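Trainee: Build me a model:
(one chain, ligands or ions: 1)
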Amino acid sequence: MTMKLDSFYLQQQFPNPSEYKKNKYQNGYDGREGITLTWSDLSVTVKQIKKKFFKSNAVTYKKLVNNVSGAVENGKLVALMGPSGAGKSTILYALSHRHSDQMMVDGDVKINGHRVNKSMCRISGFMRQEDIFIGDLTVKEHLLFMACLKLDKRTTYQEKEHRVSYLISELGLEHCKNRKIGGSMFGQRAELSGGERKRLSFATACLSNPALLFCDEPTTGLDSLNAIRIVSMMASWNATILCTIHQPSPEVLKCFSSVMLVADGSLVFSGSVDDAINFFRSAGYHMNVNEGAGEFLMSCLAPPPGSALSARMAVKRLAHQFVISEYSKTTELLIALQEQPIKASKMTETLFDHKSSSWLYKFYYILYRSILELLRNPQLQWLKIAQKIVVAIAAGLCYVGAVNNDQAGVQAVQGALFILITENTFPALYAALALIPKELPLLVREMRDGDYHPSALYLAKIISHLPGLALDAFIFTAIIYLFANLRPTTFAFSVVSLISILCILVSTACGFMFASVFENYELASVFLILFDNTMMIISGLFIKLSTLPLMISWLQYLSWMRYSYESLSIIQWQDVKNISCDASTYLPCFRSGSEIIDYYSFSEDHLYWNITFLVILFFCFNVIGYIFFVQKIRKHF
Ligand SMILES: Nc1ncnc2c1ncn2[C@@H]1O[C@H](COP(=O)(O)OP(=O)(O)OP(=O)(O)O)[C@@H](O)[C@H]1O
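Mentor: The predicted structure is shown next:
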């Protein structure tokens, strides 16, 4: 099958072998000989920080993996098995260099005898346990997009398309290639089955045609037939594969060349399934007649009843027995053979020879994906616009006939302006707050794989949201303007629209900033409520800005609501004269627009400064948000 796949692929594109060699970068197939992965004394320790109020934080260290050594021979599919919590995923993440920053990894990880670290992300593919996709993209779009991010920059677009078509046909995704991956909100059934999603995950990991693959529980959630299908596909794949797996059926287990068994972070056995059975039998475990090999091995690894200490001792005993047994010699030999690195051969050079696409190229595709994501849900976008229109009409109706050249009119105008600001602030703030937690798992996965720089993603997200936000603000402003009969000049309407748009953009940036700074949505919303209420109180409507106490007063310079409210008030009242005043009813009684502006401690000279400060706030919130966003992603790695 391996040969079949390779020759199929080669024949499809390069009937002439010399042409194939010449185009090794373009087709993603590098003419490699293969990879042998070895590691010795791999240990993983996690740093745990207990936050304490009014005391310094308590830092503890927990060892998750203890001096594990192992090897996966070129072209072999090896199962990493063990009970839940044994450390399988931790080993896989550490070996593939996709572990979190909190984890400290020790030990030598080598590819064909060459020590690797960060470059492992480029050399290897990783299939994750959880399938996270953008549900609104089709199978083909998703693969093409990922191909644009992952493949070498020397690969042309047509070759990326070839690679995607090849994987779609090889992994049995032809029938659903134009189907959306996830469900739609509006009842169309468009979901892929569990098996199709797993195959899509595998296809994604295989896009760059890596010679080394790490697969984390690829059969989780699948029925036995689909489990056999995906594992047999892996077995026939032209790559070295290390794969964690939970209690495989006998048919699934047969697909693996060998097994590595771990318990409590230690290696308990490594070798063929038959040897594993013999090893445990010799250690005193009894295999029932009807028991499958997988079931038997897992039962041997399950912690025995009793205290945690006795379970740990049992694992230690097994690990020791394995180390002194003949079975461990094969692994030791493989590791020893790799101590002499294969001379900087062509094969190794090609492995490390990856030229990533430029930042701009990746940014373009991330932006394209973000826009596509928004456009793929037209019903949702229309619903949002309809909601804006309804809210604007409902609010606007309250002001019909209220805006006259008298004191009641002054109150109505100031109220309408404030509605404009709050409606362009609060919904945008909280929508942005929810966005990062929703998308974080996907972003972390893509960044762990080194698919793109966080700045490309952050900028693409901001730009893709700009038109929708601007439209929202414009529609709301236009309706309120019409109903409330605000100042009817093109200049006034244009500036009010501009301020509304800036207000919604700054609010969104502020929402992003809070979502990035705080650990989770709940914590962020607690602090955001405090912040946005303060910004609102000092916007100018509720208190005269000149009377603010000194310790609070400086905060007004952060309040985009104040800049917006002042600007809108200036536009409405500048040069307005002869406001009628019935002094017996109204106190204070305004006779001109400038009196109103003075009353709120505003100044007509501030209009252009306010616009400038709104732009500055937009940038500052985004820069702070970006800095914390990067840290947040690192923390979740
Ligand atoms: N960041 C962390 N901080 C503290 N403990 C951790 C951390 N990550 C993992 N662990 C612990 O390390 C142990 C091994 O976790 P790991 O996910 O590798 O197990 P596993 O064998 O893959 O389990 P499963 O089959 O259930 O996925 C578990 O006890 C887990 O709780």
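
Trainee: could you dump stretch 71-78 to PDB, C-alpha only?
Mentor: Extracted as PDB, the C-alpha positions of stretch 71-78 are listed here (Å, rounded to 0.1, in the frame of the first residue of the first chain):
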ATOM      1  CA  ALA A  71      12.400   4.300  19.700                       C
ATOM      2  CA  VAL A  72      10.100   4.200  16.700                       C
ATOM      3  CA  GLU A  73      11.700   2.600  13.700                       C
ATOM      4  CA  ASN A  74      11.400   4.100  10.200                       C
ATOM      5  CA  GLY A  75       8.000   3.500   8.700                       C
ATOM      6  CA  LYS A  76       6.600   1.700  11.800                       C
ATOM      7  CA  LEU A  77       3.300   2.400  13.500                       C
ATOM      8  CA  VAL A  78       3.800   2.200  17.200                       C
END
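
Trainee: Could you give the average pLDDT over it?
Mentor: For stretch 71-78, mean pLDDT is 92.

Trainee: quick one: buried residues of that stretch?
Mentor: 71-73, 75-78 (16 or more other Cβ atoms under 10 Å). No exception for glycine: its C-beta is placed from N, CA and C like everyone else's.

Trainee: Stretch 574-582 too?
Mentor: Of the residues in stretch 574-582, those buried (16+ other Cβ under 10 Å) are 576, 579, 581.

Trainee: Report the contact partners of the first one.
Mentor: Meaning Val576. For Val576, the contact set (Cβ atoms under 8 Å, 6 or more residues apart in numbering) comprises 405, 592-593, 596.

Trainee: ok, now how distant is it from Val78?
Mentor: Using Cβ to Cβ, to the nearest Å, we find Val576 at a distance of 80 Å from Val78.

Trainee: Low-confidence stretches in the stretch 451-600 of the chain?
Mentor: 583-587 (pLDDT under 70).

Trainee: Intersect the buried residues of stretch 71-78 with the contacts of the ligand.
Mentor: Among those, no residue is within reach of the ligand (Cβ under 6 Å from any ligand atom).

Trainee: What count of nearby residues applies to the closest residue to the ligand within the stretch 351-500 of the chain?
Mentor: At 13.4 Å from the ligand, Val444 is the closest residue in the stretch 351-500 of the chain, using Cβ to the nearest ligand atom. Burial of Val444 is recorded as 18 neighbouring residues (other Cβ atoms under 10 Å).

Trainee: swap in the one 5 residues further on?
Mentor: When neighbours are counted by other Cβ under 10 Å, Asp449 registers 22.

Trainee: Give the full set of residues in contact with it.
Mentor: By Cβ under 8 Å, 6+ apart, the residues touching Asp449 are 98, 121, 126, 150.

Trainee: Could you report the pLDDT at the residue nearest to Ser310 when sequence neighbours are not counted?
Mentor: Leaving aside its sequence neighbours, Ser310 sits nearest to Pro304 (Cβ to Cβ, 6 or more residues apart in numbering; 6.8 Å). What the model reports as pLDDT for Pro304 is 70.

Trainee: Reduced to three states, what does Pro304 come out as?
Mentor: coil (DSSP: H, G, I helix; E, B strand; the rest coil).

Trainee: Check the contacts of Val576 against the ligand and report the nearest one.
Mentor: Taking Cβ to the nearest ligand atom as the measure, the ligand lies nearest Ile596 of the contacts of Val576, at 58.2 Å.

Trainee: right, and the closest one touches Pro588 too?
Mentor: No - applying Cβ atoms under 8 Å, one finds Ile596 not in contact with Pro588, separated by 9.4 Å.

Trainee: okay, these two: which has more neighbours?
Mentor: Ile596 (21 against 12).

Trainee: How is that one assigned, secondary-structure-wise?
Mentor: Here Ile596 is recorded as helix under three-state DSSP.

Trainee: now the helices: where do they sit in the stretch 401-550 of the chain?
Mentor: Taking DSSP state H, counting those that start in this stretch as the test, the helices found in the stretch 401-550 of the chain are 407-423, 426-448, 454-484, 490-517, 521-537, 550-553.

Trainee: out of the ones you listed, deepest packed?
Mentor: Burial of those is given as mean neighbour count (mean count of other Cβ atoms under 10 Å); helix 490-517 ranks first at a mean of 23.

Trainee: which other helices and strands contact that helix?
Mentor: Here helix 490-517 touches helix 407-423, helix 426-448, helix 454-484, helix 521-537, helix 560-573, helix 607-636, going by 3 or more Cβ pairs under 8 Å, 6 or more residues apart in numbering; DSSP states H and E.
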